[in-house]
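Visitor: pasting the sequence and the predicted model now:
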Amino acid sequence: MTSEIGRLASIISRAAATIEVSLTERGDFPEASAVGSGSKEVLAAKADAIDACMELLDQLQGPSKCMIPLWNGASLQAISRHHIANHVPIHGEISYQDLARASGVPVNELKQYIRFAIIHHRLFIEKRNGYVSHSAGSRSLLEDPGAIAGVSQLDEWYSAFSRTVDAMDQFPGHKPNETGYALSHGNQSIFDYLSDRPAKAKQFADAMQFYTVAIPEASPSFFLQGYPWGDLPRGSVVVDVGGSDGHVGRLIAQRYQHINVVVQDLEYAAADFQAAAKEDRNIRFDAHDFFSPQTVVADVYLFRWVLMNWADEYVVRILQQLVPSLRPGAKVLVNESLCPESGSLPLATERYIRWMDLLMLGVYKSRLRDKEDWDALFKQADAGFDSFQCSMVPGSAMGIVQAIWRGN
Ligand SMILES: C[S@@+](CC[C@H](N)C(=O)[O-])C[C@H]1O[C@@H](n2cnc3c(N)ncnc32)[C@H](O)[C@@H]1O
């Protein structure tokens, strides 16, 4: 009989063989190319290997070690705040002393941050003792604005994580300015904080886009494929509510040119939308606060990664604001992770979803929801919402919730 450890090891070795064949056939073999690309078969093999590796590691380490995560966000905080990657030459290396002088970070602390990042985040390499060079990851912090924003945003969140329980103990309610984020950001809710700081707002919008690329399970491509956009009649209107700079609305508009997309967000996002604008004619931006009555009559109202930012009482109010513009047959779509039963999903997927769930708690005092939660919220918002459907998109960590307005 094979032990659990043997079973996991053989999953890994079978998956590795599939990946290796594909890489050899493609002729590119550096380890980095194993990330994020490949045929359906290869992607499935990678997912199997990742899940089995995580499980095997935990089993080998045992319960005590699992209780003590070797995690500390200070290294990423320092690297991002002090733009440390910018001071490391693209080719070649720099001594810790010179890097300390260039970045303004004291040399001993710099070594601590960088050596943590090398081993935990695969950022930088020390090919020669005392000299720092770029890894693929740290180089992206030099060249890729999305990666820079994504890591900088983690800096904002890290302080919020550490105040999550304080906020729960201090404030029994769910107001956006009574969160771990608010406690660590001058008692401002995240959206008030961003409204007052355009550069941080841009960073937030860029980070949202980066996480959809860096975390393949969160890619909007699943949503594009998993919903029958092509069946919507010519001239249909889709409102992307809380659509930020329009990065998802633009994907819909570009792929389905017969649809007109209206991206709505707070005033501050208008500049980000304009900056990201392409030549598309079938998309526009409207400044709109979703706590005020909806003014655009549309066929579909989309909330992607939006309602999970709000506690139940706010979600009900947001949905109610749609009612004046809803016509029979109009659809409301929610695209975000659904709260799964414990142990019901592959390990890596569930870990990502639980991370997201606690992020929602720390930053917004909100949560991810399951099908029953969504049914109840739509019914509470208005009895005119009907025909609930709730599904996970295969391969993704995101769900699609749909309610249809039958009228009142
Ligand atoms: C987590 S982001 C998601 C953005 C985008 N839908 C995506 O998928 O990346 C939430 C968005 O809700 C917007 N938002 C927050 N409060 C809002 C309000 N009262 N009215 C309209 N948009 C709001 C924020 O500005 C932000 O762009």
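Guide: Done, it's in.
Visitor: C-alpha from now on. contacts and neighbour counts both.
Guide: Will do.
Visitor: quick one: neighbours of the closest residue to the ligand within the stretch 51-200 of the chain, just the number.
Guide: Taking C-alpha to the nearest ligand atom, the ligand has its nearest neighbour within the stretch 51-200 of the chain at Phe191, 5.9 Å off. Phe191 has 15 neighbouring residues, counting by other C-alpha atoms under 10 Å.
Visitor: roughly how far does it sit from Ala205?
Guide: Using C-alpha to C-alpha, to the nearest Å, Phe191 is found at 12 Å from Ala205.
Visitor: thinking again about what came up before, so which strand or helix has the residue of the stretch 51-200 of the chain closest to the ligand?
Guide: Secondary-structure element containing Phe191, defined by DSSP states H and E: helix 190-195.
Visitor: got the residue ranges for the helices in the stretch 201-350 of the chain?
Guide: Using DSSP state H, counting those that start in this stretch, the helices of the stretch 201-350 of the chain run over 220-226, 247-255, 270-276, 312-320, 347-364.
Visitor: just to revisit the earlier point, average pLDDT for the helix holding Phe191, rounded please.
Guide: Mean pLDDT, computed over helix 190-195, is 92.
Visitor: for that helix, which positions count as buried?
Guide: Buried residues in helix 190-195, defined by neighbour count with 16 or more other C-alpha atoms under 10 Å: Ile190, Tyr193, Leu194, Ser195.
Visitor: repeat for stretch 95-107
Guide: For stretch 95-107, the neighbour count (16+ other C-alpha under 10 Å) marks Ser95, Tyr96, Gln97, Leu99, Ala100, Ser103, Val105, Val107 as buried.
Visitor: quick one: list the elements packing against the worst-scoring helix or strand of the chain on mean pLDDT.
Guide: Least confident helix or strand of the chain, by mean pLDDT, DSSP states H and E, is helix 270-276 with a mean of 86. Applying 3 or more C-alpha pairs under 8 Å, 6 or more residues apart in numbering; DSSP states H and E, one finds that helix 270-276 contacts strand 283-287.
Visitor: paired strands for the strand it packs on, with orientation please.
Guide: Partners of strand 283-287 in the sheet, by DSSP bridges, are strand 260-265 (parallel).
Visitor: got the angle for the partner strand vs helix 247-255?
Guide: In terms of direction (axes from the mean of the first three to the mean of the last three C-alpha atoms, to 10 degrees), strand 260-265 departs from helix 247-255 by 170 degrees.
Visitor: which SS state does Val132 fall under?
Guide: strand (DSSP: H, G, I helix; E, B strand; the rest coil).
Visitor: count of residues packed around it?
Guide: By the criterion of other C-alpha under 10 Å, Val132 has 24 neighbours.
Visitor: so what's it bridging to?
Guide: Ile94.
Visitor: check contacts around it.
Guide: Neighbouring residues of Val132 by C-alpha atoms under 8 Å, 6 or more residues apart in numbering: Val88, Glu93, Ile94, Ser95, Tyr96, Phe124, Ile125, Glu126.
Visitor: skipping adjacent residues, who's closest to the second one in space?
Guide: Read it as Glu93. The shortest distance from Glu93 to any non-neighbouring residue, by C-alpha to C-alpha, 6 or more residues apart in numbering, is to Ser133 (4.6 Å).
Visitor: where does this protein dip in pLDDT?
Guide: Across the chain, the ranges flagged by pLDDT under 70 are 1, 27-37.
Visitor: how about the residues of the protein by the ligand?
Guide: Residues of the chain lying close to the ligand (C-alpha under 6 Å from any ligand atom) are 191, 208-209, 242-244, 265-266, 288-291, 304-306.
Visitor: and these, which two are furthest apart?
Guide: Taking C-alpha to C-alpha as the measure, those span a maximum distance of 24.2 Å, between Gln209 and Phe291.
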